[in-house]
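Chemist: Structure for this input, please:
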Amino acid sequence: MELNIDDLPDGVVLLTGLEKAVVGITEEFGGIFRIMYSRSKIMDILKERDEMTEDEAYEFYTYNILGMHVCEQNPIFLVD
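Modeler: Okay, here's the model as predicted:
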């Protein structure tokens with residue numbers, strides 16, 4: 001998916017450095033939009049970019065990415 005940061009709705013959380021893992025934008029009642037990331041693509045990025053093992057990447061993903069909460073428009077993650 002080609003993602004133009006300038007076109008994102010206000011308040012949407014974009015995870016810097018993980019843009020290539022974006023698979024879509026979801027819309028919820030009340031005008032809430034969230035960016036949807038592919039978990040497998042995030043894992044691939046962490047392993048390649050940060051030279052993590054599979055276990056290290058999964059631990060980092062679960063603790064630092066999946067476990068974060070920044071606002072109502074927190075990103076969501078597709079288990080693929």
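
Chemist: where does the chain dip in pLDDT?
Modeler: Low-confidence segments of the chain (pLDDT under 70): 1-6.

Chemist: which residue sits farthest out from the middle of it?
Modeler: G30 (21.5 Å; Cα atoms, centre = their mean).

Chemist: mind checking which helix or strand the spatially most central residue of the chain is in?
Modeler: Closest to where the C-alpha atoms of the chain average out (Cα atoms, centre = their mean) is Y37, at 4.0 Å. For Y37, the host element (DSSP states H and E) is strand 32-38.

Chemist: got a list of what the residue nearest to the centre of the chain touches?
Modeler: 15, 18, 21-23, 75-78 (Cβ atoms under 8 Å, 6 or more residues apart in numbering). Placement of C-beta: from N, CA and C, glycine included.

Chemist: Beta-bridge partners for it, please?
Modeler: V22, F77 (DSSP bridges).

Chemist: ok, it to L78 distance?
Modeler: Look at Y37 and L78: by Cβ to Cβ, to the nearest Å, they are 7 Å apart.

Chemist: same question, L14
Modeler: 16 Å.
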